[in-house]
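**Student:** return a 3D structure for these sequence lines:
(2 chains)
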Amino acid sequence: MTIPIDWTVAGPATIVLVGALVALMVDAFYPRRTWLGSGLPATVAGVVATAELVRGDATGTPFAFSLVVLVGTLFVVVASNVMNFENAMPPGEYHFLLMSAAAGALLMVGARDVVTLVVALELLSLPSIALVGLRQGDRDAIRAAWTFFLVSVVSTAVTLMGVSLLYGVTGTLDYALLGRALVDPAVPDGVVSVAVVMTVVGLLFKLGAVPFHLWVPDAYGGASVMVAGFLSAVSKAASLGALLVLLSVALPAAQDDWQPVVAVVAALTMTVGNVGALRQDDAIGLLAWSSVAQAGFLVAPAAVVSSSYALPAAAQYVAVYALANLVAFAALAVVLRLRGSTRLDDLRGMARNDPWMGVPLVMAALTLAGFPPAVIGLVTKFVVIRPVVDGDHVWLAIIMGVNVMLGLAYYLRLVVTLCERPVGEPYVSPSPPISVRFAKSTVLIGAAALVVLSAWPDLLLSHLP
Amino acid sequence: MSRRWGYVGLTAVLAVVVAVWAVPEVMRHGYFGRYVGASRPGVDPPLPSLSPDLFLFPQAAQIVLLAVGVGLLVQIYSTAYLGRHPRYRSYALVIVLFLLGMIAVVGTTNLWVLLVGWEVMGLCSYLLIGHEWETAPARTGAAKAFLVTRVADLGLVMAIIVIGETYGTYDIVGAQVAQADGTRHATLIGLLVLVAVIGKSAQFPLHTWLPDAMPGPTPITALIHAATMVAAGVYLASRLFFLYADSQLVLTLMAGGAAVTMLMGALFALTSSDLKRALAWSTVSQLALMLAAVAAGGAEAGLDHLVSHGVFKALLFLGCGCVMLAVGSSALSAMGGLRRSMPVTFWTMTIGFAALAGLVPTAGFFTKDSVLHAIEVATDGDHGLAPGVARALLVVALVTTFVTAAYATRLWVLTFLGPVGADRADRADHEVREQPPAMTGPLVVLAVATFALSVGQPLHLGTGLLSTAVAGAGVATVLLLARRGSALDRSPAPLTSELWLDRPFSRWVPAAAAPLARGVVDLDRDAVDVYPRGGAALVAVVSRGLGLAQTRNVQRYATVLAVGVVVIVVVGVVLR
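**Tutor:** Residues are numbered from 1 along each chain as shown, chains lettered A, B, ... in the order given. Predicted structure coming up:
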């Protein structure tokens, strides 16, 4: 018996997994605790997988989301170099877990049946949990990982319950067959409603949507900064991609069931996230809450997935969001390593006394806020609101508009803090200087990409489907 | 020192760029042929755009050249006049912005860009008039200029909207193309344009802001009065003339307003006891003369006079600045007898006063002659204006010519000839000296330009002889009076108090507006602000609550999650 394998989907994921194994092996046989030893194979695997994806014949939404996942992973791998010579972080395990999670993310986007989806979800979740708790001897990290794990298990259980109900009702788990089976009027409506909502819960949990967001601030705060970046960018992009495919291919017939739920969740998520971010006084906490709010913007087009604008809008928004968030997290990782703090008070005036990290951070914050001169942020905000208006969810569009304003309140506070005149002497780290060239250059490249996209938004809009 | 010349350099670069752009246009002829505007007239007005749509016709090119030329001279002059001022940087940069605003008004066919330039000039004039904001007159003068020209802005915005709705384009040339099929809403557009022009160019009844803008630094007065701000109003009137040329009502109103303003301004200038204020009134009067030409259908004559007036009025104001710096006051009673001690200023200002009086062979004579000729042509009734109105306008213009020559001579005599004024004679340091070359140089340049601009100007023999005779009579009268020993300060009370025309603006409007403003402030503070303040407080409380909810208690998280699932499922099923 031969199992048909779709190499378009499996190819990049396999390459990434091979890279993960090689990274682990290198570290096992040459345990010198430097970051490059295992980081290099991971980087090469990321590049090759990206090449394979671009060369292959994947198109449309899966291609866009896979690309975001791969480029995001690559960014995280290179920027993680900031943890070089950090004794508490084992590089081999780190890269292995990171690449495994990335493979899970890729499979999730490419999944075409619910079982693959659940397995990929677990392949993404479990290494992520381990990554959060990887820092040795750090009680906060372990506690965060523990929280993340338990909440994750509960949500997976709910999803599995939904999946089993779906299977019970329709007798199939394949997306396409599910889509056809649900059209059948003989299928009991009530059960389908419950099943569909429960299935979606697992993905909403990974996205950090309200009311499944409680783990987000804790996990981001406890994990290494780059791991938080990975969770906020790559993991979210993959979950969103999977959610969109699931809703548009498998469950269009049950649209009446999930559409109000998804819309309400999107509205709640962005509002709660923004309100939570308002009073944060630590840059990482602020970004954690802001990424909850951004999850709301990500989910919003899913509510109107039948609109022809929705899928490209979501892909374009998530690409820019992931890039800006990764730039911000990487810059903060550098700052945390060099200065030992990311509290807003300690970041005061950074754009003046440390422009190489401060200005990219400003650019990323402006992009996330959708405020010129970061035109691309503004453009994608428009892009993501358009399908919502188009799909007759005007109330949701209004809430999105209000939330854009709410977001401005704290993003601009961050920007103002960074651009203020510093008071007193700039903070100098007592520890000896560490080389963070790789991380710094990734930040700069990412910020440059944001600038280029702001000058020519068409580069993104016409090339990402 | 070098810092100040840096701003001169910046202005010079701007001037060179503008010259490269505008000089070829001065020579060129043919109006529509080479214009390739993007906006084609349609049925519905397009969305307002801010595309530059640069376009110059020959006279507009002259006006931008005048603006940057005077602007450059003003910058050079200011290095000596105001160089030690602590806020020199903002002063010099606002001048550059001012010039950019004027270029935007004159150099575009896009009405919205024109509006932006118009507003930028309004803002800059506010900033510059109020440059010495430590003094109360500067603050009130700036605020008055800003508020009164707001009325003009309102007229312009409405006019732009009506033009867009009528002709389906916000492009001036586009409107001109569309207008060829027939003029529509001429009276409405004309009235709105008239409001804009009256406010911006300080015409009756909104004329009082211009003399009150005198606390501004004198170079700025030169810039505002000669080349930029007030010129924009006249420019707009002639640029959009084709849109309201058919409307008898608008033309008659414009002619009437111009007649009243020109005579009134000239009489106020004749009786003013302050050199700078007299020159300001003279600007009001001369602008009215230009608008009279526009109303008579001679828009080109009006723009020609705008250019030559810009040159000699800049000369007069800059010279006035030299005198003021020398004697420490702008009151005429502090002057007199400056001919020997300030020869360069004396000779250049003599040329300026001659141009103002309209004496041969200065540019002022030729362009005033063109204006009078245009009005005279209009008396045949073929140019929109009723013959009777045109005849009355011509008579008023000739009377104004007489008065203008008279007050120009009076100012000249009182400033440079005659005995040393009472205010200065009893001061110990009444020794005055000529100003440095950075200040006299621009005067010489402008004096030369006053003659140079008369080259190639058309001459209309009949009106030319008549106006020379009238002006000569005015000059002679004043000289005779001075020869007989008159102090030239005969000033009836209604004229010295400027007919109490400022009273509505200085007393009645504030008195009426104050309670209203207080009411609005109270309403805003006590009623409207409750919502944002309450909202902010609520959000702050919720935000803190969300922070407290992060207890790191896994059991609670799991509970929230489970309850959330149940709620969502119930909502999903119920909403279905």
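
**Student:** going by C-alpha atoms from here, please, whenever you check contacts or count neighbours.
**Tutor:** Fine.

**Student:** can you count the residues close to A:Leu21?
**Tutor:** 22 (other Cα atoms under 10 Å in any protein chain shown).

**Student:** contacting residues for it?
**Tutor:** By Cα atoms under 8 Å, 6 or more residues apart in numbering or on different chains, the contact list for A:Leu21 reads A:Phe96.

**Student:** got the residues of chain B near chain A?
**Tutor:** B:539-540, B:542-544, B:546-547, B:550, B:552-554, B:557-558, B:560-562, B:564-565, B:568-569, B:571-573, B:575-576 (Cα under 8 Å from any Cα of the partner chain).

**Student:** mind checking which of those are buried?
**Tutor:** Buried residues within the residues of chain B next to chain A, counting neighbours by 16 or more other Cα atoms under 10 Å in any protein chain shown: B:539-540, B:542-544, B:546-547, B:550, B:552, B:554, B:557-558, B:560-562, B:564-565, B:568-569, B:571-573, B:576.

**Student:** host element of the spatially closest residue to B:Gly257 that is not a sequence neighbour?
**Tutor:** Distances taken as Cα to Cα, 6 or more residues apart in numbering or on different chains place B:Phe204 nearest to B:Gly257, at 6.2 Å, with adjacent residues excluded. Assigned by DSSP states H and E, B:Phe204 falls within no helix or strand.

**Student:** can I assume B:Phe204 is in contact with B:Ile198?
**Tutor:** Yes - using Cα atoms under 8 Å, B:Phe204 is in contact with B:Ile198, at 6.9 Å.

**Student:** what about these two, which has more around it?
**Tutor:** B:Ile198 (29 against 22).

**Student:** and the more buried one, that one's in a helix?
**Tutor:** Yes - assigned with DSSP: H, G, I helix; E, B strand; the rest coil, B:Ile198 falls within a helix.

**Student:** and the pLDDT for it?
**Tutor:** On the pLDDT scale, B:Ile198 is placed at 87.

**Student:** contact partners for it?
**Tutor:** Taking Cα under 8 Å, 6+ apart, one finds B:Ala152, B:Phe204, B:Pro205, B:Leu206, B:His207, B:Gly233 in contact with B:Ile198.

**Student:** quick check, distance from whatever helix or strand B:Leu325 lives in to the centre of its chain.
**Tutor:** For B:Leu325, the host element (DSSP H and E) is helix B:299-327. Remark: helix B:299-327 is offset 13 Å from the chain centroid, using Cα atoms, centre = their mean, to the nearest Å.

**Student:** list the buried residues in whichever helix or strand comes after it.
**Tutor:** Moving toward the C-terminus from helix B:299-327, the next helix or strand (DSSP H and E) is helix B:343-357. Within helix B:343-357, the residues scored as buried using 16+ other Cα under 10 Å are B:344-357.

**Student:** okay, stretch A:211-220 in CSV with CA atoms only?
**Tutor:** Taking C-alpha atoms only, stretch A:211-220 is exported to CSV below (Å, rounded to 0.1, in the frame of the first residue of the first chain):
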residue,chain,number,x,y,z
PRO,A,211,-11.6,34.4,26.1
PHE,A,212,-8.6,32.1,25.5
HIS,A,213,-6.0,34.9,25.8
LEU,A,214,-5.1,34.6,29.5
TRP,A,215,-2.0,32.5,28.8
VAL,A,216,-0.6,35.1,26.4
PRO,A,217,0.7,37.8,28.7
ASP,A,218,2.1,35.2,31.1
ALA,A,219,3.8,33.1,28.5
TYR,A,220,5.3,36.1,26.6
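
**Student:** and the contacts of it?
**Tutor:** A:132, A:141, A:144-145, A:147-148, A:151, A:204-205, A:208, A:227-228, A:265, A:269, A:284-285, A:288-289, A:292, B:550, B:552, B:557, B:560-561, B:564.

**Student:** and the average pLDDT for it is what?
**Tutor:** 86.

**Student:** residue closest to the middle of chain A?
**Tutor:** The centroid of chain A falls nearest to A:Ala233 when counting by Cα atoms, centre = their mean (2.4 Å).

**Student:** kindly report the same for chain B.
**Tutor:** Short answer for chain B (Cα atoms, centre = their mean): B:Val230, at 1.8 Å.

**Student:** on that earlier part again, give me the distance between the residue nearest to B:Gly257 and chain A.
**Tutor:** 44 Å (Cα to the nearest Cα, to the nearest Å).

**Student:** residues in contact with that residue?
**Tutor:** B:Ile198, B:Gly257, B:Ala258, B:Val260, B:Thr261.

**Student:** pull out the buried residues from the helix or strand hosting B:Ala178.
**Tutor:** Per DSSP H and E: B:Ala178 is located in helix B:172-179. If you call a residue buried by 16+ other Cα under 10 Å, then helix B:172-179 has these buried ones: B:Ile172, B:Val173, B:Gly174, B:Ala175, B:Gln176, B:Ala178, B:Gln179.

**Student:** with chain A as the reference, measure out to the second one.
**Tutor:** Same thing as B:Val173. 32 Å.

**Student:** which of the residues of chain B next to chain A fall in helices?
**Tutor:** B:539-540, B:542-544, B:546-547, B:554, B:557-558, B:560-562, B:564-565, B:568-569, B:571-573, B:575 (DSSP state H).

**Student:** sorry, back to before: mind giving me the packing neighbours of the helix holding B:Ala178?
**Tutor:** With contacts defined as 3 or more Cα pairs under 8 Å, 6 or more residues apart in numbering or on different chains; DSSP states H and E, helix B:172-179 has these neighbours: helix B:136-167, helix B:241-244.

**Student:** with just CA atoms, put it into CSV.
**Tutor:** This file holds the C-alpha atoms of helix B:172-179, laid out as CSV (Å, rounded to 0.1, in the frame of the first residue of the first chain):
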residue,chain,number,x,y,z
ILE,B,172,-8.7,76.4,-13.1
VAL,B,173,-7.8,75.7,-16.7
GLY,B,174,-10.2,72.8,-16.7
ALA,B,175,-13.0,75.1,-15.5
GLN,B,176,-11.9,77.6,-18.2
VAL,B,177,-12.4,74.8,-20.8
ALA,B,178,-15.8,73.8,-19.4
GLN,B,179,-16.8,77.5,-19.1
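
**Student:** average model confidence for the longest helix seen in chain A?
**Tutor:** When chain A is parsed with DSSP H, its longest helix is helix A:139-170. Averaging pLDDT along helix A:139-170 gives 88.

**Student:** could you check the angle helix B:554-575 makes with it?
**Tutor:** 30 degrees (axes from the mean of the first three to the mean of the last three Cα atoms, to 10 degrees).

**Student:** now helix A:139-170: buried residues?
**Tutor:** Those would be A:140-167, A:169-170, for helix A:139-170 by 16+ other Cα under 10 Å.

**Student:** near chain B, which residues of chain A show up?
**Tutor:** A:147, A:150-151, A:154-155, A:190, A:193-194, A:197-198, A:201, A:211-212, A:214-215, A:217-218, A:256-258, A:260-261, A:275-279.
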